[in-house]
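1. Okay, predicted coordinates and the sequence, questions at the end:
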Amino acid sequence: MLPRKNYDIGAAQQLLDLALTGTVGVADVKYLLPCVSKGVVQARPIGSNGRSTPARFMTFKFDTQNIRTEFGKHSRCQRAITVGEVDNSITIKERNHSLRTVAVGPFTLSFVSADWSAIAKRNSRSVQTIIGWIFWDPGAVERFAALGLPGPIGYIAARCAPLAPAGPDAVIAAFGSISPLAIRATFAMVEASTSFDDVWSSRNDAVLEGLAAHAPDLVPVLARDAETLWAIVDKLPTTGRTFFASHLRMERPSDPTLSGWHAINCIREWRGDTHWALATAQGLTGIEASILHNAWLGYDEGWLPTSRGSSPVEIAEGLVLLEEKGLAIDGRVNDAGLDLRQHLEDATDSQTIQPWQLLGETASARFAEEFEPPCELLLARVDETAGTNYQPASRQRGAGVDEGRPDSRFRD
């Protein structure tokens, strides 16, 4: 057991102030002092050998109800703290921009260095799968067809319904790599035979039916976590994330399972908007991004953009644009293009950690453990109803699969 030492609140606050201002160097901070509102504080050495480590924690409050108040006293930390919704873990951004998590229990503090990018990467696959399977599910396809929306038109209509009042141009901008022609056709067909609200409602019915039939273990988990997930959604920034923000206007379902599903859909679209912002910052158009993604996955030439409605002419034009950027040669994506696509994937993971920090490290691990097994069943459902190339965000790239094909196995 690590040795412990007691300090009164005044001494703890003084040392905290010195650490925050940089007056005390890391080598001088032998103990990490939790700051409490009254009584004594209990401190534990940062390192088991009694020496401080290069990664210094700033401070943590035992009384989680007042932690934001305490941190508000320190301008350096005002925007550097996130409290987990479920486990009351506290994530603090240090002066060197590294992140550390502290899991707060009733009697002890345990210190963990969390790899939030890895957590975001892992859980994004469950988030993508729990939403994406419905777009090829026969129950949903049949409902869309009954509304006059055949094949992929129903998928487009159901997904874009929150932003549909803004018109097809806004949806084209938000969707990125989906064919503009297909989106315009979707608007025309919806106008001719149904409404976006009816499509949204039909998909809701298909979701509940499909989850009960193909992933019944998710039903109680979604119902249990719905309120917590919505609390996270409500704290996510909307700036630059128009498609995500459009979902916030939709009525939240009274059914708790469906409510949890829609909260996860919001998290999914928040990540998607972030990814497209990163792709746009690299100067990529939708077709260019789709071609790079296709090559990065190891799919047959042109498969992914074709599946999203792009024509051979549009794909050829996209390759020309990539060649001009040095990302393709002789009609094929080169190593520079693959490196850029990997960079985009890594950047997306690192820039979408906020939902998981808000959930908390322990609860994020539980999310992975509880959602992955039933999501594996849903991914197998996609394999059956659409094909093993579909739902690419749920596939693992080159994880031991012959010929560079994506892996359908869900776990790392």
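-> Thanks, I have it.
2. Packing partners of the helix or strand that contains residue 160?
-> When elements are assigned from DSSP states H and E, residue 160 belongs to helix 152-160. Secondary-structure packing of helix 152-160 (3 or more C-beta pairs under 8 Å, 6 or more residues apart in numbering; DSSP states H and E): helix 138-146, helix 168-175, helix 180-193, helix 196-214. Where C-beta positions appear, they are placed from N, C-alpha and C, glycine not excepted.
3. quick one: the shortest one to helix 152-160, angle?
-> It stands for helix 168-175. Computed by axes from the mean of the first three to the mean of the last three C-alpha atoms, to 10 degrees, the angle separating helix 168-175 from helix 152-160 equals 80 degrees.
4. Please apply the same query to the last one.
-> With the same axes, to 10 degrees applied, the angle from helix 196-214 to helix 152-160 works out at 100 degrees.
5. what comes up buried for helix 196-214?
-> Burial within helix 196-214, assessed by neighbour count using 16 or more other C-beta atoms under 10 Å, is assigned to 196, 198-200, 202-204, 206-208, 210-211, 214.
6. same check, this time on the first one
-> Of the residues in helix 138-146, those buried by neighbour count under the rule 16+ other C-beta under 10 Å are 139, 140, 141, 143, 144.
7. Check the shortest one too.
-> Across helix 168-175, burial judged by 16+ other C-beta under 10 Å covers 168, 170, 171, 172, 173, 174, 175.
8. Export the helices and strands packed on helix 152-160 to a markdown table and append columns for mean pLDDT.
-> Formatted as a markdown table, the helices and strands packed on helix 152-160 follow (pLDDT from 0 to 100):
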| stretch | mean pLDDT |
| --- | --- |
| helix 138-146 | 96 |
| helix 168-175 | 96 |
| helix 180-193 | 97 |
| helix 196-214 | 97 |
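9. In CSV: those, plus distance to residue 245.
-> Shown next, in CSV, are those (distance: least, C-beta to C-beta, whole Å):
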stretch, distance to residue 245
helix 138-146, 25
helix 168-175, 10
helix 180-193, 19
helix 196-214, 17
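10. closest to residue 308 out of the ones you listed?
-> helix 180-193 (7.9 Å; C-beta to C-beta).
11. Quick check: which helices or strands does that closest one pack against?
-> Helix 180-193 packs on helix 152-160, helix 168-175, going by 3+ C-beta pairs under 8 Å, 6+ apart.
12. okay, the ones you listed in TSV with distance to residue 254 next?
-> Shown next, in TSV, are the helices and strands packed on helix 180-193 (distance: least, C-beta to C-beta, whole Å):
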stretch	distance to residue 254
helix 152-160	20
helix 168-175	27
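13. Out of those helices, which gets nearest to residue 264?
-> Evaluated with C-beta to C-beta, these place helix 152-160 nearest to residue 264, the distance being 14.1 Å.
14. Dump the C-alpha coordinates for the closest one into PDB.
-> Extracted C-alpha coordinates of helix 152-160, given in PDB (Å, rounded to 0.1, in the frame of the first residue of the first chain):
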ATOM      1  CA  PRO A 152     -31.200   3.700 -50.800                       C
ATOM      2  CA  ILE A 153     -33.600   6.500 -51.200                       C
ATOM      3  CA  GLY A 154     -35.300   5.400 -48.000                       C
ATOM      4  CA  TYR A 155     -32.000   5.500 -46.200                       C
ATOM      5  CA  ILE A 156     -31.200   9.000 -47.400                       C
ATOM      6  CA  ALA A 157     -34.700  10.300 -46.500                       C
ATOM      7  CA  ALA A 158     -34.600   8.800 -43.000                       C
ATOM      8  CA  ARG A 159     -31.200  10.000 -42.200                       C
ATOM      9  CA  CYS A 160     -31.600  13.500 -43.500                       C
END
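15. got a list of contacts for that helix?
-> Residues outside helix 152-160 that contact it (C-beta atoms under 8 Å, 6 or more residues apart in numbering): 135-136, 140-141, 143-145, 147, 149, 164, 171, 174-175, 178, 182-183, 185-186, 189-190, 196, 199-200, 202-203, 309.
16. How is the protein partitioned into domains?
-> 5-114, 118-281+345-404 (automatic domain parsing).
17. hmm, back to that, could you dump the buried residues of helix 196-214 to TSV with distance to residue 251?
-> Listed next are the buried residues of helix 196-214 as TSV, based on distance: C-beta to C-beta, whole Å:
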residue	distance to residue 251
196	13
198	14
199	15
200	10
202	15
203	14
204	10
206	18
207	15
208	16
210	21
211	20
214	26
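18. And the furthest pair within these?
-> 196 and 214, at 25.8 Å, using C-beta to C-beta across those.
19. Can you give me the end-to-end span of stretch 164-177?
-> Stretch 164-177 has an end-to-end distance of 17 Å (criterion: C-alpha to C-alpha, to the nearest Å).
20. who touches it?
-> So stretch 164-177 is contacted by 156-157, 160, 163, 178, 180, 183-184, 186-187, 190, 196, 242-243, 246, 273, 276, 279, 286-287, 289-290, 293, 305, 308, 310 (C-beta under 8 Å, 6+ apart).
21. With stretch 337-355 instead?
-> 82, 99, 116-121, 124, 232-233, 236-237, 267, 270-271, 274-275, 278-279, 282, 289, 292-293, 295-296, 322, 327-328.
22. again, but for stretch 229-242
-> With C-beta under 8 Å, 6+ apart as the criterion, stretch 229-242 contacts 85, 163, 170, 173-174, 244-245, 248, 252, 259-260, 263-264, 266-267, 269-270, 273-274, 277, 354-355, 358-359.
23. Start and end of that stretch, how far apart?
-> Using C-alpha to C-alpha, one end of stretch 229-242 lies 20 Å from the other.
24. Please apply the same query to stretch 329-342.
-> First residue to last in stretch 329-342 (C-alpha to C-alpha) measures 18 Å.
25. how about that stretch: buried residues?
-> For stretch 329-342, by 16+ other C-beta under 10 Å, it's 333, 337, 340, 341.
26. Return the subset of these lying in helices.
-> The helices, defined by DSSP state H, take in 337, 340, 341 from the buried residues of stretch 329-342.
27. What distance do you get for the second one to residue 327?
-> Taken as C-beta to C-beta, to the nearest Å, the spacing of residue 340 relative to residue 327 amounts to 6 Å.
28. Count residues in the vicinity of residue 237, would you?
-> Neighbour count for residue 237, taken as other C-beta atoms under 10 Å: 11.
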